[in-house]
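Chemist: Quick one, structure for this:
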Amino acid sequence: MSIFNKIAIAALSAGAAFILQAIDQPYNPGFEANPKNAEGWSGFTLSSTQPRSGRFCAYLTGKFGNGWNLARNRTNLACEPETWYRIKVWVRGNHKDGVIYLGAREIADVAKGKTLRYFWKELPEVTSEWKQYQAVFKTHSTAKIFQVYVKLSAASTGGQVFWDDFTVEIAEKPETLSFGKYPASVTWVDRDNLIADHVNDKLTKLDPAEPLRVCFRNVPAGSELVLTFNGRKIRRKLAGSKEEAFDLQWSKLPEGRYIVSAELFDKSGKCIDRAEHTVLRMKAPEVFKAEPVKKVTAGPGRMFHVNGKPFFPVCFCHIPQEERIYRELKENFGLNTTFVWGSASGSTSEERASSYIRQITRLLDNCKRSGVYAIVVLEGLEPHRGRKGFDLKAMRMAIDGLKNHPSVLIWRLKDEPDGSGRLDKDALLKAYQTIREADPDHPVVTNFCNEQVFPQYAATSDFGSFDHYPYPATSMLAMREFSRFLKSFYAADKPLINYMQFWGEGEKIMTMPPWQWLKANFYLALTEGTKSLFVYAWNDPKPNECLCRDMESQGYLKALATKFMDMREFLTVPAEKISFRLPDFVGARINRLGLLLVNPSDTPRSVSLPLKQEKLIDEYGNTLAPDKNGMFTLELIPYHAMFYRFK
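Modeler: Here you go, the predicted model:
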């Protein structure tokens, strides 16, 4: 039938604003006004088959293998910043092979219409019967409007999803308490804790008295905050909107996982709000020791092999190309790989190759002295940095001049040739072939972004590579679907690079997820065959956001690198076929050493496993035993991931 009944927010249409009151009649007839067109929508097809109400509903169809089908409502809905909204819709369908999403697009600048960020909620268990689903999201502090979106992924063609009776409303989900960024969220117990500040990329020692800030707003007079941490309770009277600082004495804590719990009570003793924050104290992993690179292979086992030995890259992009910074990041964040880049100059191929070799050799020497490997970015050899392709003669000379350096790991040919600034696919393929002919001892990678255009460029890379924004900026399931799509174009033993974007361009907002969500995002990539940790970007010019301007996320990156290194033996042993049924969306990897489980959805999942092992030991040292029937039952909260070792 229609869209947006009982909506009590403002809408902007055709440049003119008008206010909608809470009414029972739709402001946009949508599916009813024109039987040939879903008015106000892009991407939908109307159907008169079994609408939930009225004469018509709308539908999407699985278009092609691992492809996307998207529809959006073009009405701009004015919104309040940092406010919870609920989108509701009735859905039915016969689509089995893919994921169905309900979401929104936030916009800060109405005139420019530039995307601020997207929100997506996956819809589980859609059947042939109408069922109402909802997605709740919180607008960003700079959001002015949003639009309603739906999306369907398809691992195979065919199958339809029908939609009807959309509603948008303000959600009753007040948030009074929150935690400020806490740089001591992840720290070492056996090594100095260095951190980059928000002014520049210089690493300095973290202050042992670094406080945890609890932020609150609109707190009624007479309220009390109770902070519980490591067996202590701290009570403070609160009112209004501000923040309180707490010294957790983190530097004195032994190794372990600690939960900070904040509860807010009104003067009658009723709990108004609560929030939790995880603090990790970890042992630092051993520092990487590089050996001179002679030969690198992309595979087998979806791993890189350096001189015949498995190698697990930990790579941060956009690091200032200095030996000191390489060494500090290696010792304090687990870095073992970085990018080196330069720009060729000169009027002839010989001059361009010579200038490029000089620049890159100096940077490779920095890598050698600091003990890290390098991915050499070749885009500096594009004479016009655009669609005209590479100077193949200069490229051949440059590869010949650099390939024997002991720090070269991979050649990076091009970033996102399938994106908006597309390079001619034949020109890119010739460049790829030139590199492979000149140097069979180092793999070549092209990074991709567009599932519809990517297949034209697949032959320009030795393996799959792409980037994504971690949840909540991008659905974890969307990331998994693109991983599977990319893998299908390469041999089953080839690696898969999956860059996590810790970056925001200007008005685009980088949402740094809490630790548990970030870990689930990375672990899900591991279940899909990724055996590397790639992050973009460590540093970037202002106003862009990046890791060195978010000290809490630096700690999370340190924790990911540590846990990744702890799982190297598990990831080296081939995965076994999963013989038990998993709940919808749950990801898993299992072999004789352990089990990796991920719940990438916002719905709690219970997993019962008929394992032969006597015990499971989780990554925090907790032991789990089976029940009398030999079943291990694991409860997975939303966006939860855990690695279990077998005993």
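
Chemist: Where does the nearest residue to residue 336 once chain neighbours are set aside fall, secondary structure wise?
Modeler: Excluding its sequence neighbours, the residue lying closest to residue 336 (Cβ to Cβ, 6 or more residues apart in numbering) is residue 288, at 4.2 Å. To be clear about C-beta, it is placed using only N, CA and C from the backbone, and glycine gets the same treatment. In the assignment (DSSP states H and E), residue 288 maps to no helix and no strand.

Chemist: Run a quick neighbour tally on residue 288.
Modeler: Neighbour count for residue 288, taken as other Cβ atoms under 10 Å: 18.

Chemist: so how far is residue 473 from it?
Modeler: 30 Å (Cβ to Cβ, to the nearest Å).

Chemist: cool, and residue 364?
Modeler: For residue 364, the distance to residue 473 - Cβ to Cβ - is 34 Å.

Chemist: and if you look at residue 524?
Modeler: Going from residue 524 to residue 473 by Cβ to Cβ gives 15 Å.

Chemist: Which residue of the two possesses the greater neighbour count?
Modeler: Shown here are residue 524 and residue 473; by other Cβ under 10 Å, residue 524 has more neighbours (28 against 19).

Chemist: What's the mean pLDDT across the helix or strand hosting the more buried one?
Modeler: Using DSSP H and E, residue 524 sits within helix 515-527. The average of the pLDDT scores along helix 515-527 is 95.

Chemist: going forward, begin numbering at 23 instead of 1
Modeler: Okay, residue one is now 23; in that scheme the one you just asked about reads as helix 537-549.

Chemist: So which elements touch that helix?
Modeler: Packed against helix 537-549 by the contact rule (3 or more Cβ pairs under 8 Å, 6 or more residues apart in numbering; DSSP states H and E) you find strand 293-304, helix 498-509, strand 518-523, helix 573-588, strand 609-612, strand 616-621, strand 662-668.

Chemist: Spit out the contact partners of the residue nearest to residue 358.
Modeler: Going by Cβ atoms under 8 Å, 6 or more residues apart in numbering, residue 310 touches 336, 352, 356-358, 393-394.

Chemist: Counting neighbours, which of those residues comes out on top?
Modeler: Neighbour tally across the contacts of residue 310 (other Cβ under 10 Å): the maximum, 29 neighbours, falls on residue 357.

Chemist: pretty sure that residue contacts residue 351?
Modeler: Yes - Residue 357 is in contact with residue 351 according to Cβ atoms under 8 Å; the separation is 4.1 Å.

Chemist: Give the residues shared as contacts by those two.
Modeler: Joint contacts of residue 357 and residue 351 (Cβ under 8 Å, 6+ apart) are 338, 341.

Chemist: now the nearest residue to residue 437 once chain neighbours are set aside: how far from residue 446?
Modeler: Leaving aside its chain neighbours, residue 437 sits nearest to residue 469 (4.8 Å; criterion: Cβ to Cβ, 6+ apart). According to Cβ to Cβ, residue 469 and residue 446 sit 17 Å apart.

Chemist: about what we covered before: can you list the strands that the next helix or strand after the helix holding residue 546 pairs with?
Modeler: Using DSSP H and E, the helix or strand that follows helix 537-549 in sequence is strand 555-558. For strand 555-558, the paired strands and their directions (DSSP bridges) are strand 336-338 (parallel), strand 518-523 (parallel).

Chemist: Tell me which of residue 469 and residue 446 has more neighbours.
Modeler: Using other Cβ under 10 Å, the more surrounded residue of residue 469 and residue 446 is residue 469, with 21 against 12.

Chemist: Let me know the secondary structure of that one.
Modeler: strand (DSSP: H, G, I helix; E, B strand; the rest coil).

Chemist: Where does the prediction get shaky in the protein?
Modeler: The model of the chain has pLDDT under 70 over residues 23-51, 86-89, 177-179, 195-197, 220-223, 405-410, 526-533, 565.

Chemist: Domains in it, by residue range?
Modeler: Segmentation of the chain into domains, based on automatic domain parsing, reads 32-192, 199-304, 328-594, 609-668.

Chemist: Distance to residue 600 added to those, as a markdown table?
Modeler: As requested, the domains of the chain are exported to a markdown table (distance: least, Cβ to Cβ, whole Å):
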| stretch | distance to residue 600 |
| --- | --- |
| domain 32-192 | 18 |
| domain 199-304 | 28 |
| domain 328-594 | 10 |
| domain 609-668 | 6 |
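
Chemist: wait, which of the ones you listed is closest to residue 321?
Modeler: domain 328-594 (4.1 Å; Cβ to Cβ).

Chemist: ok, the residue nearest to residue 437 to residue 251 distance?
Modeler: 42 Å.

Chemist: quick revisit: deepest-packed of the domains of the chain, please.
Modeler: With neighbours taken as mean count of other Cβ atoms under 10 Å, the domains of the chain reach their highest mean count in domain 328-594, at a mean of 20.

Chemist: picking up where we left off before, next, give phi and psi for the residue nearest to residue 358.
Modeler: Main-chain torsions, residue 310, degrees, to the nearest 10: phi -60, psi 140.

Chemist: Also the one 10 residues further on?
Modeler: With angles defined as degrees, to the nearest 10, residue 320 sits at phi -100, psi 90.

Chemist: Check residue 514 too.
Modeler: phi -70, psi -20.

Chemist: Just list what the longest helix along the chain packs against, helices and strands only.
Modeler: Selection of the longest helix in the chain by residue count, based on DSSP state H, yields helix 371-392. For helix 371-392, the packing partners by 3+ Cβ pairs under 8 Å, 6+ apart come out as helix 345-355, strand 359-362, strand 395-399, helix 414-424.

Chemist: mind redoing it with 6 Å?
Modeler: helix 345-355, helix 414-424 (3 or more Cβ pairs under 6 Å, 6 or more residues apart in numbering; DSSP states H and E).

Chemist: if we can go back for a sec, would you mind stating the distance between the residue nearest to residue 358 and residue 553?
Modeler: On the measure of Cβ to Cβ, residue 310 and residue 553 end up 15 Å apart.

Chemist: Repeat that for residue 127.
Modeler: Relative to residue 553, and taking Cβ to Cβ, residue 127 is found at 34 Å.

Chemist: What of residue 467?
Modeler: 14 Å.

Chemist: Ramachandran coordinates for the closest residue to residue 289 other than its chain neighbours?
Modeler: The shortest distance from residue 289 to any non-neighbouring residue, by Cβ to Cβ, 6+ apart, is to residue 244 (3.3 Å). Here is the backbone geometry of residue 244 (degrees, to the nearest 10): phi 90, psi 0.

Chemist: Geometrically speaking, which residue is the centre of the chain?
Modeler: residue 492 (1.7 Å; Cα atoms, centre = their mean).

Chemist: Not counting residues beside it along the chain, what's closest to that residue?
Modeler: Nearest to residue 492 is residue 543, by Cβ to Cβ, 6+ apart, at 4.4 Å.

Chemist: Repeat that for residue 214.
Modeler: In space, residue 214 is closest to residue 227, 5.8 Å off (Cβ to Cβ, 6+ apart).

Chemist: Who is the one you found paired with across the strands?
Modeler: Beta-bridge partners recorded for residue 227 (DSSP bridges): residue 216.

Chemist: So which elements touch the one helix or strand residue 639 maps to?
Modeler: For residue 639, the element it lies in under DSSP H and E is strand 638-640. Counting contacts by 3+ Cβ pairs under 6 Å, 6+ apart, strand 638-640 packs against strand 662-668.

Chemist: Sweet, I'm off.
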